[in-house]
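In: Quick one, fold the following:
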Amino acid sequence: MLQAGLSRQSVTLIQIILNSNCIGKGLGSSWLTDGILQDCLNERGQLMVDEHLRVAGKKNIFAIGDITDIREMKQGYIAHKHALLAAKNLKLLLEGRSESELYRYKQGSANAIVSLGRKQAVAQLPYLTTVGYIPGYIKSKDLFVGKTRKELGLDPSSV
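Out: Alright, predicted model coming up:
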């Protein structure tokens, strides 16, 4: 569905279908080495991005998540932050706004909670690392599925 003020003549719609098994494997970006982004990959196969999450040298191509060369932990909640910022910036560009109005990505602190069974977990926070029932309660309750469903406008209780 197009936004008000946009016409089919001013927007090119591209459907991309990609399924990539990324669990326990390398980055999996070799498919980019033969296309228009081949010069945008660093030595580790990551896409180089600017402070607006645009692929280096490209004005209208954004990259989010693990494939970016941003030196930070590669986690789902961080990729979600990337996606929100890239969507805002893409909307601004589609509205014809200037580059100076684009939002800049700001890295957060490194946080991680890893479940250790049903009731315990280890938590890495900027100021301490702890293990036990408290981080386990935070993470193991529903593995943040309810929080994510709520953010997406879905019923958090129907998991």
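In: list the buried ones in stretch 143-159?
Out: By 16 or more other C-beta atoms under 10 Å, the buried positions in stretch 143-159 come out as G146, T148, R149. C-betas here are computed from N, CA, C, even on glycine.
In: Who are the contact partners of E72?
Out: Residues counted as contacts of E72 (C-beta atoms under 8 Å, 6 or more residues apart in numbering) are I78, Q107, G108, A110.
In: now with 6 Å?
Out: Applying C-beta atoms under 6 Å, 6 or more residues apart in numbering, we find E72 in contact with Q107.
In: My impression was that it belongs to a helix - is that right?
Out: No: E72 is assigned coil when assessed by DSSP: H, G, I helix; E, B strand; the rest coil, not a helix.
In: show me where pLDDT drops low in this protein?
Out: Residues of the chain meeting the criterion pLDDT under 70: 1-26, 140, 159.
In: coming back round to it: which of the buried residues of stretch 143-159 lies at the shortest distance from I36?
Out: Nearest to I36 among those, counting by C-beta to C-beta, is T148 at 32.5 Å.
In: Helices along this structure, start to end?
Out: For the chain, applying DSSP state H gives helices covering 76-94, 133-140, 145-151.
In: Columns distance to L102 on top of those helices, output as TSV?
Out: Below are those laid out as TSV (distance: least, C-beta to C-beta, whole Å):
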stretch	distance to L102
helix 76-94	5
helix 133-140	34
helix 145-151	23
